[in-house]
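Peer 1: Model the structure of this input:
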Amino acid sequence: MKQLGLLIALVALIVTLNSSFFWKLMYPIQYTQEVEEAATYYGVDPYLVLSVVQIESKFKQDIFSKKGAAGLMQLMPETAQWVNEESGLNKHPNSYIDDARSNILLGTWYISYLLQKYDNDHVKAIVAYNAGQGHVDRWLSEGVWDGTEHRLDQIPFGETRHYASRVLYYLARYQNIYENEFAGNQELIFHTRIDVQD
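Peer 2: Numbers count the residues shown, from 1 in each chain. Below is the predicted model:
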């Protein structure tokens with residue numbers, strides 16, 4: 001009888017661990033409506049946006065970095081101002097600080113810009129989002145980094161190496177756990193889909 005009870009408990013545990021409910025509890029997401037709106041408008045994989053938000057702020061809008069970055073997507077004031085002008089969004093200069101939707105719109109436009117700049121290469125775009133375009137351009141032109149996920153170890157900045165690895169990890173997780181959440185963006189998701197590597 002005791003063995004039967006253990007077997008039932010084991011089966012229940014296996015079923016729980018393989019359920020989408022369990023994994024959604026382990027990897028929760030927020031601001032899905034705002035992310036889907038911005039991702040659809042700018043042609044970006046919504047899971048990529050969610051992954052950046054997770055690593056930048058853990059979905060906390062009222063967070064500020066020591067360097068002055070603000071909001072869900074941790075935009076620096078000068079970046080937010082430049083994006084606001086380039087994108088034509090014409091948001092209030094400080095709306096990205098207090099308003100989640102504005103922060104996500106500006107951050108997603110910036111990801112879209114980086115993807116276009118780097119020929120839809122999401123790895124380079126992620127690295128540039130953290131380290132800046134200037135550094136990435138120099139690393140690539142000087143052969144410091146070959147631009148691939150497999151050689152992130154070549155990136156001189158430890159913070160950027162760690163950042164890119166974590167964003168890519170969450171990208172794979174979100175794509176697998178929430179695979180039907182953003183059905184309207186399947187073509188965009190396909191371009192950035194990566195395998196989960198434990």
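
Peer 1: From the chain's centroid, how far away is the helix or strand where Tyr129 lies?
Peer 2: If you go by DSSP states H and E, Tyr129 is part of helix 122-131. Helix 122-131 has its C-alpha centroid displaced from the chain centroid by 10 Å (Cα atoms, centre = their mean, to the nearest Å).

Peer 1: Can you list the buried residues in the lengthiest helix in the chain?
Peer 2: Taking DSSP state H as the criterion, the chain has its longest helix at helix 158-177. For helix 158-177, a neighbour-count test (16 or more other Cβ atoms under 10 Å) marks 160-161, 163-165, 167-177 as buried. For the C-beta atoms, the positions are set from N, CA and C on the backbone; glycine is no exception.

Peer 1: who touches stretch 137-146?
Peer 2: Lys124, Val127, Val136, Gly147, Arg151, Leu152, Gln154, Ile155, Pro156 (Cβ atoms under 8 Å, 6 or more residues apart in numbering).

Peer 1: related to what we said a few turns ago, pull out the buried residues from the helix or strand following the helix holding Tyr129.
Peer 2: Downstream of helix 122-131, the first helix or strand assigned by DSSP H and E is helix 133-141. Buried residues in helix 133-141, defined by neighbour count with 16+ other Cβ under 10 Å: Gln133, His135, Val136, Trp139.

Peer 1: which of those lies closest to Ile104?
Peer 2: Closest approach between the buried residues of helix 133-141 and Ile104, by Cβ to Cβ: Gln133, at 20.6 Å.

Peer 1: tell me the contacts of the closest one?
Peer 2: Neighbouring residues of Gln133 by Cβ under 8 Å, 6+ apart: Leu114, Lys117.

Peer 1: one step back: pLDDT averaged over the longest helix of the chain, what's the number?
Peer 2: For helix 158-177, mean pLDDT is 97.

Peer 1: I'd like the distance from it to the chain centre, please.
Peer 2: Here helix 158-177 is found 7 Å from its chain centre; the criterion is Cα atoms, centre = their mean.

Peer 1: between that helix and helix 122-131, how big is the angle?
Peer 2: Using axes from the mean of the first three to the mean of the last three Cα atoms, to 10 degrees, one finds that helix 158-177 and helix 122-131 are set 130 degrees apart in direction.

Peer 1: Might you list the low-confidence residue ranges for the chain?
Peer 2: Scanning the chain for pLDDT under 70 picks out 1-19, 183-198.

Peer 1: one step back: going through the contacts of stretch 137-146, which ones are buried?
Peer 2: For the contacts of stretch 137-146, buried by 16+ other Cβ under 10 Å: Lys124, Val127, Val136, Leu152, Ile155.

Peer 1: Tell me if I'm right that the second one and Phe157 touch.
Peer 2: No. Using Cβ atoms under 8 Å, Val127 and Phe157 do not qualify as a contacting pair, with a distance of 9.2 Å.

Peer 1: Let me see the domain layout of this protein.
Peer 2: When the chain is parsed with automatic domain parsing, its domains come out as 1-29, 31-192.

Peer 1: Can you say which of the ones you listed is packed in most?
Peer 2: Mean neighbours per residue, mean count of other Cβ atoms under 10 Å, is largest over those for domain 31-192, with a mean of 18.
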